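*Asks:* Give me a model of this one.
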Amino acid sequence: MSLIARISDHFEESAKLKLAAAEKLAGPIADAVDRMVAALAADRKILACGNGGSAGDAQHFAAELIGRFERERPELAAISLTTDSSILTAVANDYRFEEVFAKQVRGLGQAGDVLVAISTSGNSANVISAIHAAQERDMVVVALTGKGGGRIGSLLREGDVHLCVPHDRTARIQEVHLLMIHCLCDGIDSALLGEQD
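*Replies:* Residues are numbered from 1 along each chain as shown. Got it, this is the predicted structure:
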């Protein structure tokens, strides 16, 4: 197969997955928007975490909420738990890496906040620990996963939202996660600012 054909295959597979995911996930994404808007309207905040590319997604999401997505609006309370190198290394060194997000959730999270927990496999131990910490704080969990949801899928409670990409390939799951993040941002803006053509 030529390099051009390989590249074209990536685009085609990604496009097909996004269309299939839209049918399955549009409703749950709307549910997640509703929970996030309710939290923000109640002066609560959104915390986000993940590893690797998912850490980048957590930072991207928080940046869109603090700054802006596509329209000017007041800043929205959001924190990425993946960015403070002193906290991450201290907790990993003094305790264990599994606790790097959970300790931040316990320190920063309050009842009514939202935890956006991102794991392509659904099995990331430190994201799972963060979910347990969020549940201890009576926070809402919005989980972005793939590969059937892994262990995270079985941890979620009533009122939580599971956005599970119907695919097993990490790169494709991450591509849909980014699209879902943009849908969440747009939905939040639409709810707060009204519809825009």
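
*Asks:* Okay, buried residues for stretch 20-32 please.
*Replies:* 21, 25, 29, 31-32 (16 or more other Cβ atoms under 10 Å). (Glycine included, C-beta is placed from N, CA and C.)

*Asks:* Can I get those in JSON lines including secondary structure and pLDDT?
*Replies:* Output for the buried residues of stretch 20-32, formatted as JSON lines (DSSP: H, G, I helix; E, B strand; the rest coil; pLDDT from 0 to 100):
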{"residue": "Ala21", "secondary structure": "helix", "pLDDT": "95"}
{"residue": "Leu25", "secondary structure": "helix", "pLDDT": "98"}
{"residue": "Ile29", "secondary structure": "helix", "pLDDT": "98"}
{"residue": "Asp31", "secondary structure": "helix", "pLDDT": "98"}
{"residue": "Ala32", "secondary structure": "helix", "pLDDT": "98"}
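
*Asks:* hmm, which two among those residues are most spread apart?
*Replies:* The span of the buried residues of stretch 20-32, defined through Cβ to Cβ, is set by Ala21 and Asp31 at 15.2 Å.

*Asks:* Identify the residue nearest the geometric centre of this structure.
*Replies:* Val116 (4.1 Å; Cα atoms, centre = their mean).

*Asks:* Which pLDDT does the model give it?
*Replies:* Reading off the confidence values, Val116 has pLDDT 98.

*Asks:* Gly146 too?
*Replies:* At Gly146, the pLDDT value in this model is 98.

*Asks:* ok, it to Tyr95 distance?
*Replies:* 28 Å (Cβ to Cβ, to the nearest Å).

*Asks:* Same check on Ala62?
*Replies:* For Ala62, the distance to Tyr95 - Cβ to Cβ - is 24 Å.

*Asks:* Between those two, which is the more surrounded one?
*Replies:* Ranked by neighbour count (other Cβ atoms under 10 Å), Ala62 and Tyr95 place Ala62 first, with 23 against 12.

*Asks:* Now the more buried one: which helix or strand?
*Replies:* helix 53-66 (DSSP states H and E).
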